[in-house]
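**Student:** could you look at this predicted model? Sequence included:
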Amino acid sequence: MTTGGRLVDPVTQEIIEGKLTATVDEMGIVMARTSMSPVIYEVLDFACGLLTADGELVAQMNGITLFTGTFGVQVKALIEKFNGKLADGDILLSNDPYAGGTHACDFAIVKPLFVGGDILAYAINVAHYLDVGGSVPGSLAPDATSVFQEGLRLPGVKIVRADVFSDEILHIISENVRLPDVALGDLNAQVATVRVAGRRMAELATRYGASIVQAAFANLLNASEIRSRTAIAALPDGRYEATDIIDGDGVSQEPIYVKVAVTIAGDGITIDFTGCPPAVAGPINCARGALQSAVRTIVKAMVGPQDPSNEGWFRPLTVIAPPRTIFTAEKPSPTGWYYEGSVHASELVWKALAPLMPSRFSAGSYSSLCVVYISGKDRSGQPFIHIEPQHGGWGASEHRDGAGALIALTDGDTYNYSVEVIEARFPLRVMRYGFNVEGGTGAGRRRGGFGIVREYQILSTDASAYGSFGRTTTQPWGMDGGGQGTVNALQIAPVQGGAVKTYGRVAHIDLNKGDVLRVITGGGGGWGDACKREPMLIEQDLRNGFLTEAQASQLYGYNAEVSG
């Protein structure tokens with residue numbers, strides 16, 4: 001294998017690629033073991049990567065899907081900003097949504113990795129902070145109308161110079177967030193991960209030489225590009241379109257209509273969001289970096305879902321989107337709940353490609369992360385903030401029922417909290433956690449997966465909540481005659497009795513001790529004619545309690561006496 005006249009033998013290439021993977025995995029282990037926030041060490045709401053000196057991703061750990069696709073855009077923005085003004089020992093911090101990032105809560109820590117006076121690579125760690133200031137605890141006001149309501153932004157600063165922290169920036173952070181000890185603890189953990197990457201890349205360069213390592217980077221990217229183009233070229237040329245509806249923006253409940261056109265021509269793919277509405281008043285907008293990442297997630301699922309990701313896979317991809325739309329927001333449009341908008345960009349492309357690859361793509365899913373923030377004071381009078389993304393039902397594919405209780409498309413390899421951790425860390429008691437059987441799922445020859453019901457009893461006398469749920473009105477779409485899925489909901493059952501209150505996107509809910517906060521996530525869409533579902537599968541769902549006899553008869557035309 002040759003690049004720029006330098007030969008890298010296949011064994012060395014394989015070793016270097018393995019070292020890159022091992023390095024980003026080690027970064028992830030260090031982050032999970034040293035961070036302060038349970039949303040990081042339990043949920044794993046972070047991701048780590050390595051990039052070339054030009055800002056092209058060469059390795060990433062499994063983590064938040066929407067972070068890994070923004071790495072290159074963020075690092076390239078920092079390269080342009082500092083333009084030769086970086087020195088060995090510098091570490092950068094950025095949480096700017098409009099410079100390749102996502103929202104202000106996601107801090108990107110980037111370290112240029114020098115070898116022999118030149119930058120060999122960049123290491124990056126992006127993690128979600130529990131609070132970065134702003135108008136509400138947790139910083140993600142569902143009704144924010146400006147980015148200035150969403151907390152502290154540090155759009156590209158040197159948090160470390162010559163391996164020494166900047167006391168001024170640490171002071172700015174600590175004075176602008178509600179949980180300064182937690183924030184600074186997470187920052188230290190992030191810095192530790194990129195320093196680990198620095199040591200590992202120095203070892204690699206010492207053993208093989210910087211030029212061989214750089215040549216191996218190029219080989220890796222080129223090989224991935226070839227595989228991506230080969231996969232795309234095997235698909236039929238054509239134009240594939242999809243439309244969808246976003247259920248309000250947090251300020252208005254008016255439906256928001258979005259669309260996409262996917263064109264496959266030869267070994268290239270173009271994804272065009274022309275015609276989508278302008279950025280909305282509420283914070284479900286995403287900026288261009290998050291849009292790029294949302295699209296890349298689906299392209300990767302199409303061309304090489306099991307292979308490690310890097311920039312080469314996306315060289316055949318062109319994304320067209322006019323500026324200042326709901327998917328390409330610019331300052332000062334709010335982006336706090338960007339993942340609620342960007343998941344629709346992902347699902348639009350998914351929906352357009354599903355008929356083309358029915359064995360790989362599924363019908364519509366519950367989509368929304370259904371995040372709820374619960375905050376207040378605990379038994380000792382100390383402030384707490386609990387944030388948790390929720391799992392839900394995915395759509396069926398041509399040959400398989402949909403996955404139940406699986407995290408949304410945006411989040412990748414993240415986890416839910418264990419009941420024990422929630423009850424140990426927060427003044428909350430988990431009363432129920434199980435499948436949303438009552439809500440049901442999309443019927444079909446292959447049915448959708450089930451969502452979940454998770455109930456929290458409030459044990460604090462001083463607590464409140466807010467959240468932003470999508471797909472509360474518009475159901476997940478079915479395929480090939482399959483039924484639509486079911487919707488998401490946030491409910492409050494008051495301790496004093498009375499009617500249960502149901503919400504979608506809500507900016508503030510006062511909570512009393514004993515109230516039950518209930519998260520309900522929907523089931524995915526079905527695939528194919530429900531009347532063609534095999535009796536043995538219907539009977540299996542009956543045994544598992546997923547269906548009643550009446551539902552089996554109504555949805556599938558099942559008759560126990562005839563089938564028996």
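**Tutor:** Received it, and whenever you're ready, just let me know what you need. Residues are numbered from 1 along each chain as shown.
**Student:** going forward, measure contacts between C-alpha atoms and count neighbours the same way
**Tutor:** OK.
**Student:** quick one, strands of the stretch 451-564 of the chain?
**Tutor:** Listed in chain order, the strands of the stretch 451-564 of the chain (DSSP state E, counting those that start in this stretch) span residues 452-458, 463-468, 489-493, 501-503, 505-511, 516-520.
**Student:** oops, could you answer that again for the stretch 251-400 of the chain instead?
**Tutor:** Taking DSSP E, counting those that start in this stretch as the test, the strands found in the stretch 251-400 of the chain are 255-265, 268-272, 317-320, 371-377, 383-388.
**Student:** how far off strand 255-265 does the second one point, in degrees?
**Tutor:** I take that to be strand 268-272. 160 degrees (axes from the mean of the first three to the mean of the last three C-alpha atoms, to 10 degrees).
**Student:** still on that earlier bit, who wins for proximity to Ala403 among the strands of the stretch 451-564 of the chain?
**Tutor:** Distance to Ala403, taken as C-alpha to C-alpha, is lowest for strand 452-458 among these, at 11.7 Å.
**Student:** count of neighbours near Glu42?
**Tutor:** 17 (other C-alpha atoms under 10 Å).
**Student:** which helix runs longest in the protein?
**Tutor:** helix 180-208 (DSSP state H).
**Student:** helices and strands around the helix or strand following it, which ones?
**Tutor:** Using DSSP states H and E, the helix or strand that follows helix 180-208 in sequence is helix 210-233. Judged by 3 or more C-alpha pairs under 8 Å, 6 or more residues apart in numbering; DSSP states H and E, the packing partners of helix 210-233 are strand 2-3, strand 6-7, helix 10-34, strand 57-60, strand 268-272, helix 288-303.
**Student:** with adjacent residues omitted, what lies nearest to Leu130?
**Tutor:** Of all residues not flanking Leu130 in the chain, Gly138 sits nearest, at 5.5 Å (C-alpha to C-alpha, 6 or more residues apart in numbering).
**Student:** isn't the one you found up against Asp131?
**Tutor:** Yes: with contacts counted by C-alpha atoms under 8 Å, Gly138 reaches Asp131, the gap being 4.3 Å.
**Student:** and Thr414, how far is that from Ala32?
**Tutor:** Between Thr414 and Ala32 the computed distance is 12 Å (C-alpha to C-alpha, to the nearest Å).
**Student:** common neighbours of those two, please.
**Tutor:** Applying C-alpha atoms under 8 Å, 6 or more residues apart in numbering, one finds that Thr414 and Ala32 are jointly contacted by Leu44.
**Student:** how about the strands in the stretch 51-200 of the chain?
**Tutor:** Under DSSP E, counting those that start in this stretch, the stretch 51-200 of the chain gives strands at 57-60, 91-94, 106-115, 118-128, 155-161, 164-165.
**Student:** please name the strands paired to the third one in the sheet, noting orientation.
**Tutor:** What that stands for is strand 106-115. Its sheet considered, strand 106-115 pairs with strand 91-94 (antiparallel), strand 118-128 (antiparallel) by DSSP bridges.
**Student:** please apply the same query to the shortest one.
**Tutor:** Its sheet considered, strand 164-165 pairs with strand 155-161 (antiparallel) by DSSP bridges.
**Student:** between the strand it pairs with and helix 180-208, how many degrees?
**Tutor:** Relative orientation of strand 155-161 versus helix 180-208 (the same axes, to 10 degrees): 70 degrees.
**Student:** quick one: buried residues of strand 155-161?
**Tutor:** By neighbour count on 16 or more other C-alpha atoms under 10 Å, the buried set for strand 155-161 is Pro155, Gly156, Val157, Lys158, Ile159, Val160.
**Student:** just these now: which is nearest Val115?
**Tutor:** Using C-alpha to C-alpha, the buried residues of strand 155-161 come closest to Val115 at Val160, 18.2 Å.
**Student:** pretty sure that closest one is touching Ile169, no?
**Tutor:** No: at 9.3 Å, Val160 does not count as touching Ile169 under the criterion of C-alpha under 8 Å.
**Student:** can you report how many residues lie near Asp480?
**Tutor:** Neighbours around Asp480, by other C-alpha under 10 Å: 15.
**Student:** ditto for Ala162
**Tutor:** Residues lying near Ala162 (other C-alpha under 10 Å) number 11.
**Student:** residue contacts, it?
**Tutor:** Ala162 touches Ala87, Asp88, Gly89, Asp90, counting by C-alpha under 8 Å, 6+ apart.
**Student:** name the member of those with the most neighbours.
**Tutor:** Counting neighbours by other C-alpha under 10 Å, Asp90 leads the contacts of Ala162 with 21 neighbours.
**Student:** now for it: which residues touch it?
**Tutor:** Counting by C-alpha under 8 Å, 6+ apart, Asp90 touches Lys111, Pro112, Lys158, Ile159, Val160, Arg161, Ala162, Asp163.
**Student:** any idea how far Leu44 is from the third one?
**Tutor:** It refers to Lys158. Relative to Leu44, Lys158 is positioned 25 Å away (C-alpha to C-alpha).
**Student:** got it, and the last one?
**Tutor:** Here the distance between Asp163 and Leu44 works out to 27 Å (C-alpha to C-alpha).
**Student:** if you count surrounding residues, which of those two has more?
**Tutor:** Between Asp163 and Leu44, counted using other C-alpha under 10 Å, Leu44 has the larger neighbour count: 24 against 12.
**Student:** buried ones in the longest helix of the chain?
**Tutor:** 180, 182-184, 186-198, 200-202, 204-205.
**Student:** quick one: list the elements packing against it.
**Tutor:** Other elements packing on helix 180-208 under the criterion 3+ C-alpha pairs under 8 Å, 6+ apart are helix 10-34, strand 106-115, strand 118-128, helix 167-176.
**Student:** give me the angle between that helix and helix 210-233.
**Tutor:** 100 degrees.
**Student:** helix 180-208 to helix 10-34, inter-axis angle?
**Tutor:** Using the same axes, to 10 degrees: helix 180-208 against helix 10-34 is 160 degrees.
**Student:** what mean pLDDT does helix 180-208 have?
**Tutor:** Helix 180-208 shows a mean pLDDT of 97.
**Student:** now it: how far from the chain's centre is it?
**Tutor:** Its chain's C-alpha centre and that of helix 180-208 lie 23 Å apart, by C-alpha atoms, centre = their mean, to the nearest Å.
**Student:** next one: stretch 76-89
**Tutor:** Relative to the chain's own centre, stretch 76-89 is displaced by 27 Å; criterion: C-alpha atoms, centre = their mean.
**Student:** what's in contact with that stretch?
**Tutor:** With contact meaning C-alpha under 8 Å, 6+ apart, stretch 76-89 is reached by 54-55, 99-100, 111-114, 117, 156, 160-164.
**Student:** end to end, how far does it reach?
**Tutor:** Distance across stretch 76-89, first residue to last, is 19 Å (C-alpha to C-alpha).
**Student:** what do you get for stretch 155-169?
**Tutor:** From its first residue to its last, stretch 155-169 covers 12 Å (C-alpha to C-alpha).
**Student:** neighbours around the closest residue to Glu225 other than its chain neighbours, how many?
**Tutor:** Closest residue in space to Glu225, ignoring its immediate chain neighbours: Gly312 at 4.5 Å, by C-alpha to C-alpha, 6+ apart. Neighbour count of Gly312, defined by other C-alpha under 10 Å: 23.
**Student:** then the one 3 residues further on?
**Tutor:** Using other C-alpha under 10 Å, the number of residues around Arg315 comes to 17.
**Student:** got the contact list for the spatially closest residue to it that is not a sequence neighbour?
**Tutor:** Distances taken as C-alpha to C-alpha, 6+ apart put Glu225 closest to Arg315, at 6.2 Å, once the chain neighbours are dropped. Going by C-alpha under 8 Å, 6+ apart, Glu225 touches Gly312, Trp313, Phe314, Arg315, Pro316.
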